[in-house]
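Visitor: one predicted model, sequence on top.
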Amino acid sequence: MWNILKHIRVLDLSRVFAGPAATQVLGDLGADIIKVEDPRGGDEARGFGMTQEMVDQGIHTSPSFIALNRNKRSIAIDLSCPAGQRAIRRMVAQCDVVIHNFRPGTLERYGLGYSSLKAIRPDLILCSFSAYGDSGPLSAIGANDLALQAHSGLMSITGEADRPPVRCGTSLVDLHASLSMVIAIMAALQHRDQTGEGQEVESSLLRSSAHLMNYFYGEYWATGVIRKPMGTANHLSVPNQVFPSADGSVVIIAPSNEMWIRCAQALNAEKLDRPEWRGLVDRQRHRTAIIQAMTEVTLSMSSEELVRRLGPAKVNVAVVNNIGMAADHPQLAAIDAITTFEIDGKPVKSVRAPFDLRGTPRGPERRPPTLAEHTGEILRELGLSDDDIAALEREDAFAPPGSRTAAR
């Protein structure tokens with residue numbers, strides 16, 4: 001964790017993936033992240049993917065939650081009750097940023113919309129995140145990563161030709177959106193430093209998915225072309241796809257004429273370095289023949305040999321790893337992209353933020369919090385007295401009605 005944003009406090013009302021991924025990056029940069037969770041069970045992601053086998057191994061928190069919630073403190077507040085809403089207002093007065101991913105209009109129904117929060121703290125930055133945005137015909141509809149993979153057209157170009165569409169295996173739209181939110185919040189903080197003014201910033205899964213598809217949309221708007229799935233291939237260049245090896249698969253990408261010549265000569269000049277294949281347009285025209293010839297060559301070599309030949313020739317190449325191979329590959333550790341902390345007495349690994357700041361010292365990191373772990377600590381730190389906390393507790397601010405739990 002770096003301490004660049006140590007002067008910034010973020011009230012995180014988000015849950016599941018995109019919002020928590022964004023606030024984790026802000027937390028990695030040193031911001032004080034106060035994660036507000038529903039007392040009824042907390043962030044839903046705490047249970048995502050949990051199996052009996054995990055429980056038997058002593059794992060009680062979902063790996064998905066652990067992956068996205070380090071460097072945060074947890075407080076449990078029931079936003080649906082007046083006392084919980086009052087507690088949030090007390091907290092907002094001492095926060096720089098509020099982030100949420102409720103459906104449009106939800107915060108307003110709680111009396112916590114931007115105009116209300118701005119009255120409490122005029123220079124507040126509110127980051128509002130939703131599925132389709134806060135206006136337009138789909139704004140009231142809820143959706144997740146998969147829904148936007150479908151809506152955006154991403155699924156229509158993913159998979160094999162003449163087969164049903166498939167999803168991207170990871171939550172691509174969510175995680176892309178998380179970095180978009182971080183950029184917007186950082187820009188708003190810079191604006192505030194320059195002007196003293198806060199503002200509302202808005203992002204959505206729709207914006208994120210559209211950004212991921214931008215050059216496909218641009219091509220369609222310019223030419224009317226609607227691309228279809230090509231498996232691992234790409235319409236931009238040849239070769240640009242997965243090829244089978246003698247013991248697995250590798251990706252080989254040689255988009256320029258110069259790289260193609262190096263590729264052909266490194267693999268099998270006699271079969272591949274042909275004059276009629278040396279131009280970009282020529283390779284597009286002869287795609288089928290080139291892929292067939294490449295496949296015959298790559299099948300005669302191991303994945304390791306293909307990398308050994310093509311890497312030094314400055315041709316883009318990579319082994320198609322499974323998750324375990326990729327997670328344990330020494331290259332990931334070599335760039336210090338893994339962090340480890342202790343949960344339930346066991347060391348747990350997690351992926352660091354997708355960048356490094358080599359001129360800024362890195363300090364210790366917080367493990368992901370247990371539900372409501374810091375409720376009392378946070379409220380007292382923000383100036384609430386024990387009497388204030390007790391009064392909120394009596395009004396069920398920290399637990400569902402009939403299930404009161406003292407703030408710890």
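Guide: That came through, no problem.

Visitor: so where do the helices sit in the stretch 101-250 of the chain?
Guide: Secondary structure of the stretch 101-250 of the chain, counting by DSSP state H, counting those that start in this stretch: helices at 106-109, 114-120, 145-151, 172-195, 205-212, 214-223.

Visitor: what's next to the fourth one, contact-wise?
Guide: For helix 172-195, contacts defined as Cβ atoms under 8 Å, 6 or more residues apart in numbering pick out 8, 16-22, 25-26, 96-97, 99, 123, 125, 127, 129, 144-145, 148-149, 152, 154, 197-199, 201, 203-205, 207-209, 211-212, 354. For every residue, glycine as well, the C-beta is placed using N, CA and C.

Visitor: pLDDT below threshold where in the protein?
Guide: For the chain, applying pLDDT under 70 flags the ranges 400-408.

Visitor: next, name the residue at the spatial heart of it.
Guide: In the chain, the C-alpha nearest the mean C-alpha coordinate belongs to residue 175, at 1.8 Å (Cα atoms, centre = their mean).

Visitor: ok, that residue to residue 137 distance?
Guide: 27 Å (Cβ to Cβ, to the nearest Å).

Visitor: same question, residue 307
Guide: Taken as Cβ to Cβ, the span from residue 307 to residue 137 is 49 Å.

Visitor: neighbour count winner among the two?
Guide: Comparing residue 307 with residue 137 by other Cβ atoms under 10 Å, the one with more neighbours is residue 307, at 18 against 7.

Visitor: grab the nearest non-local neighbour of that one.
Guide: Closest residue to residue 307 apart from its sequence neighbours, by Cβ to Cβ, 6 or more residues apart in numbering: residue 317 at 5.5 Å.

Visitor: next, give phi and psi for that neighbour.
Guide: For residue 317, the backbone dihedrals (degrees, to the nearest 10) come out as phi -150, psi 150.

Visitor: who are the contact partners of it?
Guide: 250, 251, 252, 253, 306, 307, 310, 311.

Visitor: bridged to the third one, which residues?
Guide: Beta bridges link residue 252 to residue 241, residue 317, judged by DSSP bridges.

Visitor: pretty sure it contacts residue 238?
Guide: No: using Cβ atoms under 8 Å, residue 252 is not in contact with residue 238; the gap is 10.5 Å.

Visitor: more neighbours, the two?
Guide: residue 238 (24 against 20).

Visitor: how close does that one sit to residue 300?
Guide: From residue 238 to residue 300 the distance is 20 Å (Cβ to Cβ).

Visitor: cool, and residue 252?
Guide: 14 Å.

Visitor: try residue 63
Guide: 40 Å.

Visitor: neighbour count winner among these two?
Guide: residue 63 (16 against 13).

Visitor: these two touch, right, the more buried one and residue 47?
Guide: No: between residue 63 and residue 47 there is no contact under Cβ under 8 Å: 11.3 Å.

Visitor: isn't residue 117 right up against residue 98?
Guide: Yes: here residue 117 reaches residue 98: they are 6.4 Å apart, a contact under Cβ under 8 Å.

Visitor: and for these two, which residues touch both?
Guide: The contact sets of residue 117 and residue 98 overlap at 92, 124, 126 (Cβ under 8 Å, 6+ apart).

Visitor: which of those fall in strands?
Guide: Judged by DSSP state E, strands contain the following of the shared contacts of residue 117 and residue 98: residue 126.

Visitor: neighbour-wise, which one of the shared contacts of residue 117 and residue 98 leads?
Guide: residue 126 (26 neighbours).

Visitor: identify the residues contacting that residue.
Guide: So residue 126 contacts 97, 98, 99, 100, 114, 117, 118, 198, 199, 200, 201 (Cβ under 8 Å, 6+ apart).

Visitor: tell me the contacts of the fifth one?
Guide: It stands for residue 114. Residue 114 makes contacts with 107, 126, 128, 200, as judged by Cβ under 8 Å, 6+ apart.

Visitor: same check on the third one?
Guide: Counting by Cβ under 8 Å, 6+ apart, residue 99 makes contact with 10-14, 19, 22-23, 126-127, 129, 181, 185.

Visitor: ChimeraX command to pick out the buried ones of those residues?
Guide: To isolate the buried members of these in ChimeraX, using 16 or more other Cβ atoms under 10 Å:
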select :10,11,12,13,14,19,22,23,126,127,129,181,185
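
Visitor: and the contacts of residue 99, which is closest to residue 81?
Guide: residue 13 (14.9 Å; Cβ to Cβ).

Visitor: so what's that closest one closest to, chain neighbours aside?
Guide: residue 100 (4.0 Å).

Visitor: who is that neighbour paired with across the strands?
Guide: Under the criterion DSSP bridges, residue 100 forms beta bridges with residue 128.

Visitor: measure it to residue 19 for me?
Guide: 7 Å.

Visitor: list the contacts of residue 69.
Guide: Contacts of residue 69 (Cβ under 8 Å, 6+ apart): 20, 24, 35, 43, 45, 368, 369.
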